[in-house]
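Novice: Sequence first, then the predicted structure:
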Amino acid sequence: MRRPRPLPAALACSAALLLTVLATSPAPAEGRELWGSVTIVPGHQGLLEVAGYGGPALGAGSRLTLTAPQPAEVTATPLVDGVYRGAVAADGGTGSYTFTGTATGAGTETGAGTGTGAGSATGTAAEPGPWLGRTFPFVLSVPATAVPGTRLSGCAMVVTDAAGARRDQGACTVTVGLPDPALTQPLAGVPLGRRPTIAGTAYPGAQVTVRDQNEDEVCSTTATAPGGTWSCVPGTDLPAGAGRLQATATFNGVSAASEQIRITVT
């Protein structure tokens with residue numbers, strides 16, 4: 001029976017090195033994903049809260065980084081916590097939190113290659129480690145030119161350890177919302193006829209529907225450009241007495257509602 005030939009020394013060394021890298025290089029935690037979502041109207045800011053980390057406890061120097069979807073920008077990292085240091089890139093393209101304390105959660109962190117990772121990461125389930133079971137807020141701004149109903153692409157999050165190795169990741173959802181419409185006519189409390197003119201403003205091109213206190217449609221129309229003004233008249237008489245009116249705008253799959261106004265029909 002033929003015996004297998006020994007590997008050449010150089011090849012054996014390469015194979016041993018490969019096995020070492022595979023054994024010590026950390027990988028993202030399987031079956032766990034970071035997540036977060038927010039809806040922001042054009043020209044405003046909103047709070048995106050990132051949660052869902054379920055990987056090993058990480059030590060000092062580990063970092064959560066959010067990449068903002070274009071054309072949104074990160075404007076602030078408002079978490080007030082002495083062990084998480086927030087930062088925003090000068091161009092607003094990314095925001096991050098860096099853990100600066102001592103990990104006390106369950107599990108043990110080891111670094112890539114040789115040696116151990118920064119910080120201690122042992123403890124009990126009652127004392128979760130860094131990133132575990134926590135929410136991290138990022139303030140995002142959306143430009144006034146963004147189109148309502150658009151889902152901005154490119155939003156992503158990643159958690160890395162002190163050596164820069166990826167430990168978890170995820171995608172976030174940023175949707176451009178629709179500004180609330182306004183009811184400017186009739187004025188609340190002023191007695192009305194049975195078919196009053198109802199008017200207001202909304203996002204240009206939005207379909208506007210006015211409903212009463214019973215959710216019955218009173219009238220509908222489309223907001224016109226450039227100011228988004230609209231008006232409509234009920235097709236049937238409004239019932240006499242006290243009531244309420246509210247306008248709902250719909251555009252590109254998203255909707256928004258005005259404040260209700262109280263009316264009295266004589």
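Specialist: Received, thanks.
Novice: roughly how far is the helix or strand harbouring T65 from the heart of the chain?
Specialist: Under the criterion of DSSP states H and E, T65 resides in strand 63-67. Distance, stretch centre to chain centre, for strand 63-67: 13 Å (CA atoms, centre = their mean, to the nearest Å).
Novice: Can you check the pLDDT for the spatially most central residue of the chain?
Specialist: For the chain, S37 is the residue whose C-alpha lies nearest the centre (CA atoms, centre = their mean; 2.8 Å). S37 carries a pLDDT value of 97.
Novice: Provide a list of residues in contact with it.
Specialist: 48, 172-175 (CB atoms under 8 Å, 6 or more residues apart in numbering). Just so you know, the C-beta spots here come from the backbone N, C-alpha and C atoms, and that holds for glycine as well.
Novice: Quick check: it vs L238, distance?
Specialist: 40 Å (CB to CB, to the nearest Å).
Novice: Check D216 too.
Specialist: 10 Å.
Novice: Counting neighbours around each, name which of those two comes out higher.
Specialist: L238 (18 against 9; other CB atoms under 10 Å).
Novice: got the phi/psi numbers for the residue nearest to S153 when sequence neighbours are not counted?
Specialist: Distances taken as CB to CB, 6 or more residues apart in numbering place P69 nearest to S153, at 5.6 Å, with adjacent residues excluded. Main-chain dihedrals, P69, degrees, to the nearest 10: phi -80, psi 150.
Novice: and what of the one 3 residues further on?
Specialist: Taking degrees, to the nearest 10, you get phi -70, psi 160 for the backbone angles of A72.
Novice: and it, what does it touch?
Specialist: A72 neighbours (CB under 8 Å, 6+ apart): 40, 140-143, 146, 152, 155, 174.
Novice: ok, back up a step: out of the contacts of S37, which is nearest to P234?
Specialist: T175 (33.2 Å; CB to CB).
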